[in-house]
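The amino acid sequence is not available; the structure is as follows:
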């Protein structure tokens with residue numbers, strides 16, 4: 001209707017300033033047919049540029065995110081449990097990015113002092129993923145009938161013998177001594193038992209080991225002078241050294257393990273609830289990518305990471321900064337994870353089948369795509 005009226009007007013009577021201001025009117029001066037064509041083309045161009053192209057772009061992006069179950073921040077949250085130790089240090093950058101709204105997924109974080117606080121929640125599904133000792137993850141896989149899987153190795157050897165004195169220079173020097181530590185029934189106990197046996201010593205007979213409920217308790221008792229020898233992971237090594245400067249690092253368990261020809265020592269893993277993983281492959285993929293970035297940040301920027309550990313109440317920044325170089329925080333997933341854990345579990349199982357829950361984990365235990 002508008003086009004027909006314009007075509008019927010005497011275009012020579014339009015003032016010059018109007019012709020300059022209005023492109024469609026200027027074009028109509030040439031002919032009625034050209035005016036109609038130009039006006040229609042102009043309208044089609046506007047419609048394509050302003051409406052259709054943005055709409056098509058939105059639809060394309062939506063389709064891309066839908067393929068393969070990709071996650072977005074509107075998806076269900078991932079409930080992730082970590083410990084006040086290396087796994088917590090490795091996750092603080094992820095916590096910070098999530099708080100800023102800069103992650104692909106949404107997260108709820110649980111920070112615990114000991115693995116026991118996370119185990120039941122992981123099996124029930126209250127937690128979707130959790131940082132656990134590697135032997136604990138294998139045992140849970142057996143006890144839960146496969147409801148807990150391994151996503152990635154998160155820490156290598158982090159255990160150290162500390163001594164108030166200068167008598168302990170090798171594993172054999174522990175004969176007749178009393179050690180305070182934590183982690184009974186977990187990787188700590190089985191690695192210690194194996195190393196003692198490799199040097200002709202038996203736990204409970206040749207060496208007394210007092211297991212406490214948490215590493216914090218063991219470090220506090222040693223610092224107070226109740227024990228001369230402690231077996232602790234970082235950051236509790238640094239905590240004890242800060243609290244009592246008469247202690248020294250006597251032995252590095254990782255070095256002792258490798259000297260015994262046992263290869264690498266995967267102490268901790270990120271475990272996942274199987275039901276959640278099978279229904280949310282996109283979320284798991286995003287989570288692993290973002291956790292890997294967080295680990296890389298922790299190792300690459302220890303000062304900034306230390307500040308974040310204090311912000312998220314994992315440990316004081318001064319402790320974290322000193323602990324990070326000895327914390328062996330890693331991200332190892334896929335076939336490399338499977339090979340590393342498989343070799344480690346074989347050693348533990350041959351020594352004591354209870355260390356892996358009575359049998360070796362099946363291939364299904366190792367989650368990777």
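Sure, I can see it. All figures in this text were calculated on a predicted structure; none of them were measured in a lab.

Next up, the contacts around the residue nearest the centre of the chain.
Central residue of the chain (CA atoms, centre = their mean): residue 291, 3.5 Å from the mean position. Counting by CB atoms under 8 Å, 6 or more residues apart in numbering, residue 291 touches 90-91, 94, 152, 270, 331. All C-beta atoms are positioned from the backbone trio N, CA, C, and that covers glycine.

Report the two of the residues you listed separated the most.
Spatial extent of the contacts of residue 291 (CB to CB) is set by the pair 94 and 152 at 13.1 Å.

who has more neighbours, those two?
Neighbour count, other CB atoms under 10 Å: between residue 94 and residue 152, residue 152 has more, with 28 against 25.

Give the bridge partners for the more buried one, please.
Taking DSSP bridges as the rule, residue 152 bridges to residue 270.

Redo the contacts of residue 291 as CSV? Include pLDDT.
Formatted as CSV, those follow (pLDDT from 0 to 100):
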residue, pLDDT
90, 95
91, 95
94, 96
152, 96
270, 96
331, 96
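
Going by distance to residue 104, which of those wins?
Residue 104 lies nearest to residue 94 out of the contacts of residue 291, by CB to CB, at 11.0 Å.

C-terminal to the longest helix anywhere in the chain, which secondary structure element comes first?
Counting by DSSP state H, the longest helix found in the chain is helix 281-300. Note on helix 281-300: by DSSP states H and E, the next helix or strand toward the C-terminus is helix 302-311.

packing partners for that following helix?
Helix 302-311 is packed against helix 86-99, helix 281-300, helix 317-323, with contacts defined by 3 or more CB pairs under 8 Å, 6 or more residues apart in numbering; DSSP states H and E.

what pLDDT, on average, does it get?
For helix 302-311, mean pLDDT is 96.

and it with helix 86-99, angle?
With axes from the mean of the first three to the mean of the last three CA atoms, to 10 degrees defining the directions, helix 302-311 sits at 80 degrees from helix 86-99.

Quick check: buried residues in helix 302-311?
The neighbour-count check on helix 302-311 (16 or more other CB atoms under 10 Å) flags 302, 305-306, 308-310 as buried.

next one: stretch 176-187
By 16+ other CB under 10 Å, the buried positions in stretch 176-187 come out as 177, 179-183, 185-187.

cool, stretch 106-114 as well?
So stretch 106-114, judged by 16+ other CB under 10 Å, has buried residues 106-107, 109, 111-112, 114.

And for stretch 360-369?
Residues of stretch 360-369 classed as buried: 360-361, 365-367 (neighbour count, 16+ other CB under 10 Å).

where exactly do the strands run in the stretch 201-350 of the chain?
Ranges of strands within the stretch 201-350 of the chain are 208-212, 229-233, 248-252, 268-273, 329-332, based on DSSP state E, counting those that start in this stretch.

I'd like to know which of these lies nearest to residue 171.
Ranking these by proximity to residue 171 (CB to CB) places strand 248-252 first, at 7.1 Å.
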